[in-house]
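S.K.: okay, here's the prediction I keep looking at, along with the sequence it came from:
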Amino acid sequence: MNAILRVYATGLWTGFFPVAPGTAGSVLALAIYCWLPVLPLGADGNLGIGSLLLVGVLALLGIPASRRGEEEFGEDGSPIVIDEIIGQWITVMGLVPTPFVIIAGFLLFRLLDIFKPFPAGRSQTLPCGLGVMADDVISGLYGAVLLRLLLRVPGLAGL
């Protein structure tokens, strides 16, 4: 496997974490989210087009990386965590990384990724790495909606 695609597909090798590599990928995603200002906010303090483009391009690059990862690690092999990273970013993207956003966003995405509500579970059957990415993108979108609804509950946003 091409070394760059391998590093990318395995989320800087977090996919080789011995226990719950998908969770390790989500933790990496949140660490980058807290560190990289373009993911939480655009220049005007709102979700910027730059954030959308960055995550969109990274998700598209995840498709061939996942396809190559499947060749090496098997169908949706556990070392492939770029899909969890992208899904986690989608869940929290555009929000200020407060402790509540980080913890609630993490829990929501991980639960949605595990239970795969329709059509996330069905999307896994898509070929050529697309299915690997699609279910986590869908789970990330569900997580983003649910997290924003939680933030509207009085008192929760301040936690």
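M.R.: Yep, it's here.

S.K.: and for Gly74, the neighbour number?
M.R.: As a burial measure, Gly74 scores 11 neighbours (other CB atoms under 10 Å). No exception for glycine: its C-beta is placed from N, CA and C like everyone else's.

S.K.: OK, contacts around it?
M.R.: Applying CB atoms under 8 Å, 6 or more residues apart in numbering to Gly74 gives no contacts.

S.K.: now do Ser139
M.R.: Residues near Ser139 by CB under 8 Å, 6+ apart: 87, 109, 112-113, 116-117, 120.

S.K.: of these, which belong to helices?
M.R.: Those of the contacts of Ser139 mapping onto helices are 87, 109, 112-113, 120, per DSSP state H.

S.K.: just give the nearest non-adjacent residue to Ile80, would you?
M.R.: Nearest non-adjacent residue to Ile80, counting by CB to CB, 6 or more residues apart in numbering: Gly69, 4.0 Å away.

S.K.: top of the ones in helices among the contacts of Ser139 by neighbour count?
M.R.: Gly87 (32 neighbours).

S.K.: that one and Asp136 touch, don't they?
M.R.: Yes. If you go by CB atoms under 8 Å, Gly87 and Asp136 touch, sitting 3.3 Å apart.

S.K.: now do the shared contacts for the two.
M.R.: Common neighbours of Gly87 and Asp136 (CB under 8 Å, 6+ apart) are Asp113.

S.K.: quick one on the thing from earlier: measure the residue nearest to Ile80 to Ile90 for me?
M.R.: 20 Å (CB to CB, to the nearest Å).

S.K.: tell me where the protein has helices.
M.R.: Along the chain, counting by DSSP H, helices occupy 3-9, 21-35, 49-73, 82-92, 99-115, 120-123, 130-151.
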